[in-house]
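>>> no letters, just coordinates:
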Ligand code: A3P
């Protein structure tokens, strides 16, 4: 299957031109956020789809019908992608919106609007592995080549969506300026219930025991893997070639152990220390 080799450059970051145009990116940066909006912000492969599903269940008070009948890109439309104007306008209040854009682009508008932001981060080693596999099926991304080649680009920040380090530091840097909650993929794994309770407290929405039960069941990896409204199997093969792998691939913490050589790990650790050594908030993953 051929690749859709179009790249857009925006704010110093390369992005897949199939999904983004200068116009859609301009639309995103001037988007009139409302105080009632909830924005999910992530670097790719950090648990975006999982958070979309969890918040869908929170807002539906555990009713699984919306999650089973409406594709996630309509429930939580992407701010910066060309296809979602209508969905962004029509989605119910509170509007659930998703983005991979960096904080330096969206920060000023979010500060003005008092929109609530949920930032999801994941161990960057697992992000790199997941992103590598995703490049193989996502035809709107460049061919990743070998894992070694891809990892070098990931560490240099030359992959699409830019540097993981800059993304995380940028959004962490907004903690005194925005109404923002930081969540990690690893916390979701370890304690989905507890994290859902933290989310409901942050969003000020009630969380009945039945809602928690439904959420836990529906947002498990196995349920989401089989839900066509969340697993991206509705996307045509020219855009996502599922013969090359699944979007819902493994859903594990620590899969990087099966991919990294000791040399790659040492190199990663060195760059991580250089980039993240002075970051105030401790990250919960062992590096
Ligand atoms: P893997 O490729 O490691 O399996 P995003 O939605 O940000 O693109 O992230 C996708 C990653 O989140 C994939 O990781 C996917 O399997 C994982 N994921 C999605 N839903 C999950 C769930 N319910 N439980 C665990 N992992 C999940």
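Arrived safely. Note that the structure is a prediction, hence the values are computed from the model and not measured.
>>> just the helices in the stretch 1-150 of the chain please.
22-29, 48-59, 65-69, 72-75, 85-90, 103-113, 124-137, 147-156 (DSSP state H, counting those that start in this stretch).
>>> for those, which has the smallest mean pLDDT value?
Lowest mean pLDDT within the helices of the stretch 1-150 of the chain: helix 85-90, a mean of 76.
>>> if you count neighbours, what's buried in that one?
Of the residues in helix 85-90, 87-88 count as buried by neighbour count, 16 or more other C-beta atoms under 10 Å. Every C-beta, even on glycine, is put in place using the N, C-alpha and C of the backbone.
>>> please state the offset of it from the chain centre?
20 Å (C-alpha atoms, centre = their mean, to the nearest Å).
>>> mind listing residues that contact that helix?
For helix 85-90, contacts defined as C-beta atoms under 8 Å, 6 or more residues apart in numbering pick out 27, 31, 73-74, 77, 79, 95, 97.
>>> now the helices of the stretch 1-150 of the chain as JSON lines including distance to residue 268?
Shown next, in JSON lines, are those (distance: least, C-beta to C-beta, whole Å):
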{"stretch": "helix 22-29", "distance to residue 268": "30"}
{"stretch": "helix 48-59", "distance to residue 268": "22"}
{"stretch": "helix 65-69", "distance to residue 268": "35"}
{"stretch": "helix 72-75", "distance to residue 268": "31"}
{"stretch": "helix 85-90", "distance to residue 268": "37"}
{"stretch": "helix 103-113", "distance to residue 268": "23"}
{"stretch": "helix 124-137", "distance to residue 268": "6"}
{"stretch": "helix 147-156", "distance to residue 268": "7"}
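>>> ok, which of those comes nearest residue 178?
With C-beta to C-beta as the criterion, residue 178 lies closest to helix 103-113 of the helices of the stretch 1-150 of the chain, at 5.5 Å.
>>> tell me what angle the closest one forms with helix 22-29.
Interaxial angle of helix 103-113 relative to helix 22-29 (axes from the mean of the first three to the mean of the last three C-alpha atoms, to 10 degrees): 40 degrees.
>>> now the helices of the stretch 1-150 of the chain as CSV including distance to the ligand?
Below are the helices of the stretch 1-150 of the chain laid out as CSV (distance: least, C-beta to the nearest ligand atom, whole Å):
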stretch, distance to the ligand
helix 22-29, 18
helix 48-59, 3
helix 65-69, 12
helix 72-75, 9
helix 85-90, 18
helix 103-113, 17
helix 124-137, 3
helix 147-156, 13
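>>> looking at the ones you listed, which is nearest to residue 201?
helix 48-59 (11.1 Å).
>>> once you drop chain neighbours, what's closest to residue 2?
residue 139 (7.1 Å; C-beta to C-beta, 6 or more residues apart in numbering).
>>> just the endpoints, please. Distance across stretch 51-67?
12 Å (C-alpha to C-alpha, to the nearest Å).
>>> who touches that stretch?
Taking C-beta under 8 Å, 6+ apart as the rule, stretch 51-67 contacts 38, 40, 42, 72, 75-76, 94, 96, 98, 118, 120, 183, 188, 192, 195-196, 199-200, 203, 205-208, 210-215, 218-219, 224, 227, 229-230.
>>> among these, which ones are buried?
38, 40, 42, 72, 75-76, 94, 96, 98, 118, 120, 183, 188, 192, 195-196, 199-200, 203, 207, 211-212, 214-215, 218-219, 224, 227, 229-230.
>>> show the backbone phi and psi for the closest residue to residue 136 other than its chain neighbours.
Closest residue to residue 136 apart from its sequence neighbours, by C-beta to C-beta, 6+ apart: residue 244 at 4.6 Å. Torsion angles at residue 244 (phi, psi; degrees, to the nearest 10) stand at phi -90, psi 0.
>>> any idea how far residue 244 is from residue 134?
10 Å (C-beta to C-beta, to the nearest Å).
>>> quick one, which of those two is more surrounded?
More neighbours surround residue 134 than the other of residue 244 and residue 134, with 19 against 15 (other C-beta atoms under 10 Å).
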